[in-house]
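# No sequence on hand, only this structure:
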């Protein structure tokens, strides 16, 4: 049986290699013993393992980007679904809870039916729209959804 020694240095590139301040990564040395065919097979398997690792990293990155895009779309749909509510409270789409509350109090005072004795029907309708928009935007279920989408 002919025994041959082959040395193959295997290293994988990573983001740590780009950082000059990072400590040097240890180099792995693999010694292969056996006939030429066995050594070539082992080398091929090592290279496949390295390329599989790179492919898996690319897949994970693609999956991450896909999920991120999905969250962005869901967040956009949420805001589109509630655009009328934001407009009713006269705040920008995606306004904070504090801004929504402040706008609601201002508009509720302005459009309260008791403040418009001569035009109570219109004031009552406007007040109900403002109240409904505030309730929808301040609901706890929607809070949890938007926090998940932004997270």
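Yep, it's here. Only a predicted model underlies this, so the values are computations on that prediction, with no experimental measurement involved.
# C-alpha only now, for contacts and for neighbours.
Fine.
# Any regions of the chain where pLDDT drops low?
1-20, 140-151 (pLDDT under 70).
# rerun that using 80 as the cut-off
Along the chain, the model assigns pLDDT under 80 to residues 1-22, 25-32, 79, 140-151.
# any idea how far the spatially most central residue of it lies from residue 82?
For the chain, the residue lying nearest the average C-alpha position, counting by Cα atoms, centre = their mean, turns out to be residue 68 (3.7 Å). As judged by Cα to Cα, to the nearest Å, residue 68 and residue 82 stand 21 Å apart.
# Same check on residue 24?
Counting by Cα to Cα - residue 24 and residue 82 are separated by 52 Å.
# what about those two, which has more around it?
Under the criterion of other Cα atoms under 10 Å, the comparison of residue 24 against residue 82 puts residue 82 first, with 17 against 10.
# any idea how far the more buried one is from residue 130?
When distance is defined by Cα to Cα, residue 82 is 13 Å away from residue 130.
# who's in contact with the closest residue to residue 137 other than its chain neighbours?
For residue 137, ignoring the flanking residues on the chain, the nearest one in space by Cα to Cα, 6 or more residues apart in numbering is residue 85 at 7.2 Å. Residues in contact with residue 85 (Cα atoms under 8 Å, 6 or more residues apart in numbering) are 130, 132-134, 136-137.
# Perfect, that will be all.
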